[in-house]
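In: From the sequence below, what's the structure:
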Amino acid sequence: VQLQASGGGLVQPGGSLTLSCAASTFTLDYYDIAWFRQAPGRGREWVSCISTWDSNIYYADSVKGRFALFRDHAKNTAYLQMNSLKPEDTAVYYCAATTDCGLRVGVYWGQGTQVTVSS
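Out: Below you'll find the predicted structure:
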């Protein structure tokens, strides 16, 4: 099982980025898809999760109203659209396939993609 996360980069405060999480060897539709992030010197933080067939989407309070998680089923890809970015959003972002959004744990992980918010 392999996930590929991409789309990170350097952006100014207030800017936007869209991260992608693609699967090449299995169908994302059968899994809940979560995003986590880890800032330097801090533990891994759960950010958002979309349940199977998009029936529910959950966000951490720190990103609610600014981030949006959605899937493109035809492309077998999940996206995390990040708007109004703040310096405190700087972290390595990871996507993960999981069996239950409520557990806030990943089962299959992608490699991280760096997001840096700085002027």
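
In: Spell out which helix or strand contains the closest residue to residue 77 other than its chain neighbours, please.
Out: Leaving aside its chain neighbours, residue 77 sits nearest to residue 22 (4.5 Å; criterion: CB to CB, 6 or more residues apart in numbering). (Glycine included, C-beta is placed from N, CA and C.) Using DSSP states H and E, residue 22 maps to strand 17-23.

In: repeat for residue 70
Out: Judged by DSSP H and E, residue 70 forms part of strand 67-72.

In: Okay, buried residues for that strand please.
Out: 67-69, 71 (16 or more other CB atoms under 10 Å).

In: what would the residues you listed look like in a markdown table with pLDDT and distance to residue 13?
Out: Converted to a markdown table, these look like this (pLDDT from 0 to 100; distance: CB to CB, whole Å):
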| residue | pLDDT | distance to residue 13 |
| --- | --- | --- |
| 67 | 98 | 15 |
| 68 | 98 | 19 |
| 69 | 97 | 22 |
| 71 | 94 | 28 |
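
In: now the end-to-end length of stretch 99-107.
Out: When the termini of stretch 99-107 are compared using CA to CA, to the nearest Å, they are 7 Å apart.

In: least trustworthy helix or strand in the protein by mean pLDDT?
Out: Least confident helix or strand of the chain, by mean pLDDT, DSSP states H and E, is strand 108-109 with a mean of 92.

In: quick one: the helix or strand following it to strand 17-23, angle?
Out: As assigned by DSSP H and E, the chain's next helix or strand after strand 108-109 is strand 113-117. Interaxial angle of strand 113-117 relative to strand 17-23 (axes from the mean of the first three to the mean of the last three CA atoms, to 10 degrees): 170 degrees.

In: residue closest to the middle of this structure?
Out: Residue closest to the mean C-alpha point of the chain, counted by CA atoms, centre = their mean, is residue 35 at 3.1 Å.

In: List the buried residues in the helix or strand where it lies.
Out: Take DSSP H and E as the rule and residue 35 turns out to sit in strand 32-38. Neighbour counts over strand 32-38 (16+ other CB under 10 Å) mark 32-37 as buried.
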